[in-house]
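**Q** Got a sequence here, can you build the structure:
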Amino acid sequence: MSDFILACASHSEAILSANLARSPLLASIPLHVEKDAPSAALAYNRALDATTAPIVIFAHHDVYLPSGWDRLLAARLAELPPDWAVFGSFGIGLDGAHVGPVWSSSLGSIVGRVPMAPVPVQAFDELLIVLNRNAGLRFDETLPGWHLYGTDIVQTARTTGFGAYAGALPCIHNDRYHEALGTDFDEAYRFMQRKWAAALPIRTPITKISRTGLHLRRDRWRNRQSTDIRESMAVGTDYPVETLAARCGWSRLQP
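**A** Predicted structure coming up:
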């Protein structure tokens with residue numbers, strides 16, 4: 001697996017150690033960690049500059065990649081068209097469908113349908129993004145904070161003539177429950193409204209980016225109304241990630 005590098009931006013050694021650092025593939029793929037970066041884009045570009053592997057796997061520090069995941073990734077990448085620049089474990093298809101599957105602790109379930117072939121997407125969840133270095137893409141360092149960079153890199157790929165896809169690449173996202181979006185999400189949303197005005201609307205895993213922003217306000221209202229339900233669905237992040245993978249039937253993934 002010398003063609004691969006696993007890269008992560010982390011502010012917590014405890015979260016990293018309990019999740020991504022326990023992934024079995026670290027026996028064959030090195031892990032590069034960027035600590036305490038001011039934004040996701042800066043962290044990931046620093047990782048690109050510090051490494052040379054042709055395929056870069058960007059993963060959140062609360063993600064766990066079960067046994068066999070590296071072999072499954074190689075099989076999925078072999079299915080991609082030659083134009084691919086980015087590939088994700090969870091994305092939003094051009095038809096708005098959720099393409100997965102991944103386990104989310106904050107939702108207490110497996111989310112995303114299981115496609116039989118790679119699916120072109122308009123956005124990624126940022127939990128895991130695989131980048132083909134040969135495409136020459138970089139993350140936009142003017143995008144503030146830690147939101148919507150998965151959507152931004154997909155739109156960048158598509159507008160520069162490359163492909164962005166999601167497929168059946170199961171993983172565990174041991175993310176904690178969030179009651180509501182913060183103001184930092186609003187800042188990223190407004191940035192995306194300006195940058196991609198000609199491409200709107202764009203459906204992301206969180207909300208739709210529209211010219212008026214009405215969808216964000218509507219989804220915030222819905223989140224307030226469903227707080228109790230969403231909180232009851234969430235699973236605590238103190239379960240061992242190996243246990244979560246076993247409950248999903250992902251203890252040993254097969255290509």
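**Q** the strands in the stretch 101-250 of the chain, which residues?
**A** 102-104, 109-111, 119-124, 128-132, 163-166, 172-173, 202-203, 208-209 (DSSP state E, counting those that start in this stretch).
**Q** mind checking which of those is nearest residue 22?
**A** Judged by CB to CB, the one of the strands of the stretch 101-250 of the chain that comes nearest to residue 22 is strand 172-173, at 10.0 Å. Just so you know, the C-beta spots here come from the backbone N, C-alpha and C atoms, and that holds for glycine as well.
**Q** follow-up on the earlier one: to residue 75, which of the strands of the stretch 101-250 of the chain lies closest?
**A** Short answer: strand 128-132, nearest of the strands of the stretch 101-250 of the chain by CB to CB, at 12.8 Å.
**Q** Strand partners (parallel or antiparallel) of the closest one?
**A** strand 55-59 (antiparallel), strand 84-88 (antiparallel) (DSSP bridges).
**Q** quick one: the first one to chain centroid distance?
**A** Distance of strand 55-59 from its chain centroid, counting by CA atoms, centre = their mean, to the nearest Å, is 10 Å.
**Q** now swap in the last one and tell me
**A** Between the centre of strand 84-88 and the centre of its host chain there is 11 Å, according to CA atoms, centre = their mean.
**Q** returning to what we had before: need the strands of the stretch 101-250 of the chain in CSV with mean pLDDT, distance to residue 40 and mean neighbour count, can you?
**A** Formatted as CSV, the entries for the strands of the stretch 101-250 of the chain read as follows, by pLDDT from 0 to 100; distance: least, CB to CB, whole Å; neighbours: other CB atoms under 10 Å:
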stretch, mean pLDDT, distance to residue 40, mean neighbour count
strand 102-104, 98, 18, 25
strand 109-111, 97, 21, 16
strand 119-124, 98, 12, 24
strand 128-132, 98, 10, 24
strand 163-166, 98, 17, 27
strand 172-173, 98, 16, 26
strand 202-203, 98, 18, 20
strand 208-209, 98, 17, 23
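**Q** could you dump these to a markdown table with distance to residue 34?
**A** Rendered in a markdown table, the data for these read as follows (distance: least, CB to CB, whole Å):
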| stretch | distance to residue 34 |
| --- | --- |
| strand 102-104 | 23 |
| strand 109-111 | 27 |
| strand 119-124 | 19 |
| strand 128-132 | 14 |
| strand 163-166 | 23 |
| strand 172-173 | 19 |
| strand 202-203 | 27 |
| strand 208-209 | 27 |
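**Q** And for this protein, the residue most distant from the center?
**A** residue 225 (26.4 Å; CA atoms, centre = their mean).
**Q** contacting residues for that residue?
**A** Residues counted as contacts of residue 225 (CB atoms under 8 Å, 6 or more residues apart in numbering): none.
**Q** where's it relative to residue 108, distance?
**A** Using CB to CB, to the nearest Å, we find residue 225 at a distance of 19 Å from residue 108.
**Q** The strands of the stretch 101-250 of the chain: which one's closest to residue 64?
**A** Between the strands of the stretch 101-250 of the chain, strand 172-173 lies closest to residue 64; by CB to CB that is 4.1 Å.
**Q** neighbouring strands for the closest one, and are they parallel or not?
**A** strand 63-64 (antiparallel), strand 102-104 (parallel).
**Q** Put together a markdown table for those, with distance to residue 191 on each row.
**A** Supplementary listing: those in a markdown table, determined by distance: least, CB to CB, whole Å:
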| stretch | distance to residue 191 |
| --- | --- |
| strand 63-64 | 25 |
| strand 102-104 | 25 |
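**Q** Select, out of those strands, the one closest to residue 208.
**A** Minimum separation from residue 208 across the strands paired with strand 172-173 (CB to CB) falls at strand 102-104, 19.7 Å.
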